[in-house]
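J.: Turn this into a structure:
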Amino acid sequence: MHGQDTLSVTPAFNPTTPIKFDTPIELTLNRALKADEGLIAVMIGTSDVTSLFITNGTRLIYSPTLLPLPLGEQQIVVYLIGTDNAWRELNRIQIHVVKEVPASNQTVTQQNETPLVKVSAETPVDGATAIPDNGNATTSTPIQSTPSTAAPTDAIAETSKPTASPDQPGKGKFGFEKWEWIPSLTLGIKSQPAQFNFPDSTRPTERATFADGTLQFSQRTEMNRGWFGAQTSFDFAGSSFQPEALRFGTLGKRAPQLDLSSYLIQLKLARAKVDIGHTSMGSSRHLISAFSSRGITVTLPITKRFDVSVGALNGTNVVGYGNFFGLARDKHQLQSVTLGVELLPARPGGLRLEFSGINSYIQALNNFSQGAVNDVERSRGGSVRLIATDKSGRLKFEGGFTRSQYRNPADPLLYQGTNTLAVPFLTRNARYAEVTIEV
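T.: Below is the predicted model:
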């Protein structure tokens, strides 16, 4: 079948123009999807973003509020997944995502070299001859450039009034240029209304039948005004069954049944960026690489050539309202600093050098969802990392050198008075180099 019966999808925007990373994307189907045809899947780059699209009839709308579009050249690929799990490509759209869309250079062209005003047939302007009314109420007459000391006419004064630009940002809610609040609530019920056991002696004495309620609540906010910007996300989880509380493993019956599972506050202060909450830090492969926990990180571009990033995170993952910033224990932290040098400031990332250092002190504490016997660890180290790419981005080089020191201090709670051989003080080096070519 062809024509209208063949499913197709087209973009509701111009893919040849650059798109800002926070611009919504809309795709249009030529007809509604039939129930026996399957499902629509959408990929942006290497990410499956199908669940982030909102379907409204024949419209597929992607809002990048929670997950901004990746920068650079990207491909949007739309598939039809048939009932036999066969994937058929419907369209492949090439887009260019940028941080800021360049200002338009369009100029307003005039129809005539001299401005035109409408005058009545009885009132000549600047000596122009009045034209009798032959059915036309007014006529357009060019204004002559003759010297005059008289005050300008009302028509000329009207054309010289400044008009407000539609591109000027206005103040919105609470004085912010942009203000968004997106709450989300999910309620669930887990129930086992009946249970049959044979023989009856095997029937459990507790919770043979049950009905539990679960709750997940999240809220996202985004606000911008001038040099200040903020994005926040808070996630809460709860259960009516006490042993399913987030911190039941550490607090037991004192664990709150509704608890804070994660949060992140991202602040933009002019050129500086501050992350508070569950975040990650580190880009050194053998020293610290994308370590995630609760804490604070700060990134500050000093000049076009130099930037610095510092951070301090809790040694293990935590949940709940206690230790809100993740820095309550000064001897249970990872502290890191990175100095970046752009050797080619005109092409950021073309040739970049990074110097990183770390100081960590980890106590014998578990993650909130981990059950293990840990011991105390201390580590310090530094690394150098070099990144280079060509102008096309197809040829990439990355190499680095790391030197790290490790100590395993004696832990009397772990040794329990036994004669245990101490772990020696260790210092190790690591190096790597890799070249990637995209064909």
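
J.: So, low pLDDT: which residues of this protein?
T.: The chain contains residues with pLDDT under 70 at 1-4, 103-172, 367-374, 412-415, 417.

J.: Got the domain ranges for the chain?
T.: 3-98, 174-191+210-437 (automatic domain parsing).

J.: In contact with Ile93, which residues?
T.: By CB atoms under 8 Å, 6 or more residues apart in numbering, the contact list for Ile93 reads Pro11, Pro15, Gln75, Ile76, Val77, Val78. C-beta coordinates here come from the backbone N, C-alpha and C atoms, glycine included.

J.: Could you dump the domains of the chain into TSV with distance to Asn197 added?
T.: Formatted as TSV, the domains of the chain follow (distance: least, CB to CB, whole Å):
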stretch	distance to Asn197
domain 3-98	39
domain 174-191+210-437	15
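
J.: For Arg203, find the nearest of those.
T.: Arg203 sits nearest to domain 174-191+210-437 of all those, at 13.6 Å, using CB to CB.

J.: in the sheet, who's paired with the residue nearest to Ile302 when sequence neighbours are not counted?
T.: Excluding its sequence neighbours, the residue lying closest to Ile302 (CB to CB, 6 or more residues apart in numbering) is Val308, at 6.3 Å. In this entry, Val308 is beta-bridged to Leu300, Leu339, by DSSP bridges.

J.: quick thing: my sequence starts at 53, can you match it?
T.: In the new count, where the first residue is 53, that last one comes out as Val360.

J.: Please name the residues that touch Val360.
T.: Residues near Val360 by CB under 8 Å, 6+ apart: Thr351, Leu352, Ile354, Val389, Thr390, Leu391, Gly392.

J.: Tell me how far it lies from Ser408.
T.: 11 Å (CB to CB, to the nearest Å).

J.: these two touch, right, Gly372 and Gln309?
T.: No. Using CB atoms under 8 Å, Gly372 makes no contact with Gln309, being 12.0 Å away.

J.: quick one: common contacting residues for those two?
T.: In contact with both Gly372 and Gln309: no residue, using CB under 8 Å, 6+ apart.

J.: burial count for Arg437?
T.: 22 (other CB atoms under 10 Å).

J.: Make sure it is indeed in a strand.
T.: Yes. Under DSSP: H, G, I helix; E, B strand; the rest coil, Arg437 falls within a strand.

J.: I'd like to know how far it sits from Thr390.
T.: Look at Arg437 and Thr390: by CB to CB, they are 9 Å apart.

J.: Please enumerate the shared neighbours of these two.
T.: Here Arg437 and Thr390 share the contacting residues Ser335, Ser336, Glu406, Ser408, scored by CB under 8 Å, 6+ apart.

J.: Give the bridge partners for the second one, please.
T.: As for beta bridges, Ser336 partners with Ile340 under DSSP bridges.

J.: and if you look at the third one?
T.: When bridges are taken as DSSP bridges, the partners of Glu406 come out as Gly392, Arg437.
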